[in-house]
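Peer 1: Below are the sequence and a predicted model; questions follow.
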Amino acid sequence: MSGRASKRLEAIGSYAFEEVDRKVEELKLRGIDPIDFGVGDPTAPTPQLIREAAVRGVEMRKSSGYPSYIGTLEFRTAVSEWVGRRFSVGIDPAGEVSSTIGSKEAVFNFHEGVVDPGDIVLCPSPGYPPYTRGAMFAEGVPFQVPLRPEKGFLMDFGEIPEDVARRAKVLWLNYPNSPTGAVADESFYREAVEFARRYDIIIASDEAYSEIYFGEPPISILNVSKQGVLVFNSLSKRSAMTCYRIGWVMGDPELVRLFRKTKTNIDSGTATFIQDAAVAALGDETHVQGFREEYRQKRDILCAALAKAGLEDCTPASTLYVWQRVPEGMSCVEFATALLEDSVAVVTTPGSWISESTAECRNPGEGYVRFALVPTLDDTRRAAQRIAELRF
Ligand SMILES: Cc1ncc(COP(=O)(O)O)c(C=O)c1O
């Protein structure tokens, strides 16, 4: 049988990080031990109190049974209480929140429930691939809105042509922003809400990095509006739980209803003992402070070394990424390749691999590489020593 891909699958290139993984393997085969800042997967162990809660959950829930699609009432209540403490926003566990199997699945699948063929989905560029991929699989049309350094990497709604805005169904926002580290303030969110209301567009706000910040805690778009807004959050980064696959959506009850209906038709609930672990995670802030402090140390060590090597200061305000401007006259792939030299062996992701050029705009990731601050503190120090020796 010939394994013929669908047109949709064929239209999509390989996932950028497959290429990063390939580079790491190549170095390893040559006997070199690379320090991998390529993929944003926290390497720190999941905190003990969370692991223990998962184990207790397995024992407590002896019979298996399919998990609830929308999340246990305990989980939804824990989310609601956490959001109340963290953002001072009221979320009704009954109708304004649903669990997810992590944000990736939720982001991708949401399009199936709200996008009709030909609808435009406004996506930040650079941006998390499932925004555009989900739109394409739902036969929508992604429209990439560039995030520009001169605008503080905040989306400029003035760059969206009138006819595009009129055909748009969903607007993706992602602050704290991956990969630029930018944080949105209230006036930006007000502008976004006003723009979306004018054109009757759903705002999907991916706030997966809301807890990884280095200054004042960032606000949520829910501090400005719940109406017409669905927020996606996850414990992957906050609590180093990427493997557990647990997150949630919350916001406008009508959008939560659509999300739940879509989810029930596509995937399943997160294992109930994982939801138990998530309840424990949401009840504790100490481990989150610890992670923030560690990311801050790694950020400072790496950014100091990059400055020493002669690069522009790109110290981020949030997230676990450094979106580093590459030296004048070099492409991002050339710079990332220079860091892969045997004497440095530092793996990064070239910016152009995680964003795309469009008819309207050259690739906004060109000129940048992304460092994910996931190696250990010691490995970050070793990488920084090697980088500080370079001269650009
Ligand atoms: C911007 C952004 N959103 C969402 C996610 C997804 O997180 P998860 O699916 O693990 O919840 C990631 C993961 O890297 C991300 O970078």
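Peer 2: Received the coordinates, thanks. Numbers count the residues shown, from 1 in each chain.

Peer 1: and the helix or strand of the chain with the lowest mean pLDDT, what does it pack onto?
Peer 2: Lowest by mean pLDDT, DSSP states H and E among the helices and strands of the chain is helix 16-29, with a mean of 76. With contacts defined as 3 or more Cβ pairs under 8 Å, 6 or more residues apart in numbering; DSSP states H and E, the packing partners of helix 16-29 are strand 346-347, strand 349-350. Where you see a C-beta, it was placed from the backbone N, CA and C, and this is true even at glycine.

Peer 1: Please state the offset of the last one from the chain centre?
Peer 2: Relative to the mean C-alpha coordinate of its chain, strand 349-350 is positioned 16 Å out (Cα atoms, centre = their mean, to the nearest Å).

Peer 1: Make residue 1 into 412 and carry on from there
Peer 2: Understood, numbering begins at 412; the last thing we discussed is strand 760-761.

Peer 1: residues making contact with the helix or strand just after it?
Peer 2: The helix or strand immediately downstream of strand 760-761 is strand 779-783, counting by DSSP states H and E. Residues from elsewhere that reach strand 779-783, judged by Cβ atoms under 8 Å, 6 or more residues apart in numbering: 448-452, 537, 590, 713, 731-737, 743, 746-747, 750, 759-762, 765.

Peer 1: And stretch 671-682, by the same measure?
Peer 2: So stretch 671-682 is in contact with 477-482, 509-512, 516-517, 520-521, 523-525, 655-657, 686, 689, going by Cβ under 8 Å, 6+ apart.

Peer 1: ok, back up a step: what's the angle between the least confident helix or strand of the chain and strand 779-783?
Peer 2: 70 degrees (axes from the mean of the first three to the mean of the last three Cα atoms, to 10 degrees).

Peer 1: thinking again about what came up before, mind listing which of the contacts of stretch 671-682 are in strands?
Peer 2: Among the contacts of stretch 671-682, the members falling in strands are S509, S510, T511 (criterion: DSSP state E).

Peer 1: Nearest to the ligand, out of those residues: which one, please.
Peer 2: Within those, proximity to the ligand (Cβ to the nearest ligand atom) peaks at T511, which comes in at 7.4 Å.

Peer 1: bridging residues for that closest one?
Peer 2: T511 has these beta-bridge partners by DSSP bridges: G658.

Peer 1: Which stretches in this protein count as helices?
Peer 2: Remark: helices assigned in the chain by DSSP state H are 418-421, 427-440, 459-471, 484-498, 514-525, 541-548, 573-578, 597-610, 646-649, 664-677, 683-693, 697-719, 743-750, 788-799.

Peer 1: Now render those as JSON lines, adding mean neighbour count.
Peer 2: Shown next, in JSON lines, are the helices of the chain (neighbours: other Cβ atoms under 10 Å):
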{"stretch": "helix 418-421", "mean neighbour count": "10"}
{"stretch": "helix 427-440", "mean neighbour count": "14"}
{"stretch": "helix 459-471", "mean neighbour count": "15"}
{"stretch": "helix 484-498", "mean neighbour count": "18"}
{"stretch": "helix 514-525", "mean neighbour count": "22"}
{"stretch": "helix 541-548", "mean neighbour count": "22"}
{"stretch": "helix 573-578", "mean neighbour count": "13"}
{"stretch": "helix 597-610", "mean neighbour count": "16"}
{"stretch": "helix 646-649", "mean neighbour count": "24"}
{"stretch": "helix 664-677", "mean neighbour count": "17"}
{"stretch": "helix 683-693", "mean neighbour count": "24"}
{"stretch": "helix 697-719", "mean neighbour count": "17"}
{"stretch": "helix 743-750", "mean neighbour count": "18"}
{"stretch": "helix 788-799", "mean neighbour count": "17"}
